[in-house]
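> Fold the following and give me the result.
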Amino acid sequence: MTTHNKYAGEVKASLGEKERVFKLTFERLTHLEDATGKSVMELSRSITSQTFKTMDIVEIIYQGLLGAGGKFEKKAVGKMVLDDGLIASAGIASNILATLFLTKDELSPLVEGENQSK
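Predicted coordinates:
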């Protein structure tokens, strides 16, 4: 199961038999694009069209774990991805990337007029 804390740009999902937090910070996003040689849009399209490469999924998940403060080796992340299944892992990767496409308004926990002083 995957859940989101969209206000923090985080995704929580089960990977390697544990609930983990994923977050793509600016630094992790630039590392992701450098490591894959693809833009975030290209990565998103490859997942939605199911033409992704295994290493792209591993890299998205790896960078998401590091962005959330995790300390992992890429080889260990690759093993978890394969153990959990590539399709399930691609779903996690897709959700991690989806947090990048939220607008400032979508990230705001306030509903207009709610919790605001007059």
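> switch to C-alpha atoms for all contacts and neighbour counts from now on
Will do.
> Chain neighbours aside, what residue packs nearest to the residue nearest the centre of the chain?
What sits nearest the mean C-alpha location of the chain, by CA atoms, centre = their mean, is Ile96, with 1.8 Å. Spatially, and ignoring its direct neighbours in sequence, Ile96 is nearest to Val11 (6.1 Å; CA to CA, 6 or more residues apart in numbering).
> From what I see, that neighbour and Lys23 are in contact.
Yes. Proximity of Val11 to Lys23 meets the contact threshold set by CA atoms under 8 Å, at 6.5 Å.
> So those two - more neighbours on which side?
Lys23 (28 against 25; other CA atoms under 10 Å).
> and Glu55, how many neighbours does it have?
One thing to correct before we go on: residue 55 is Met, not Glu. 14.
> cool, Gly78 as well?
19.
> For the host helix or strand of it, buried residues please.
Gly78 belongs to helix 74-84 when assigned by DSSP states H and E. Judged by neighbour count using 16 or more other CA atoms under 10 Å, the buried positions of helix 74-84 are 77-78, 80-81.
> Any idea how far the helix or strand that that helix is followed by is from the middle of the chain?
As assigned by DSSP H and E, the chain's next helix or strand after helix 74-84 is helix 86-98. Relative to its chain's centre, helix 86-98 lies at 7 Å (CA atoms, centre = their mean, to the nearest Å).
> and helix 86-98, average pLDDT?
Mean per-residue pLDDT for helix 86-98: 95.
> Would you mind pulling the contact partners of that helix?
2, 10-11, 13, 15, 22-24, 40, 44, 47-48, 54, 57, 60-61, 64, 81 (CA atoms under 8 Å, 6 or more residues apart in numbering).
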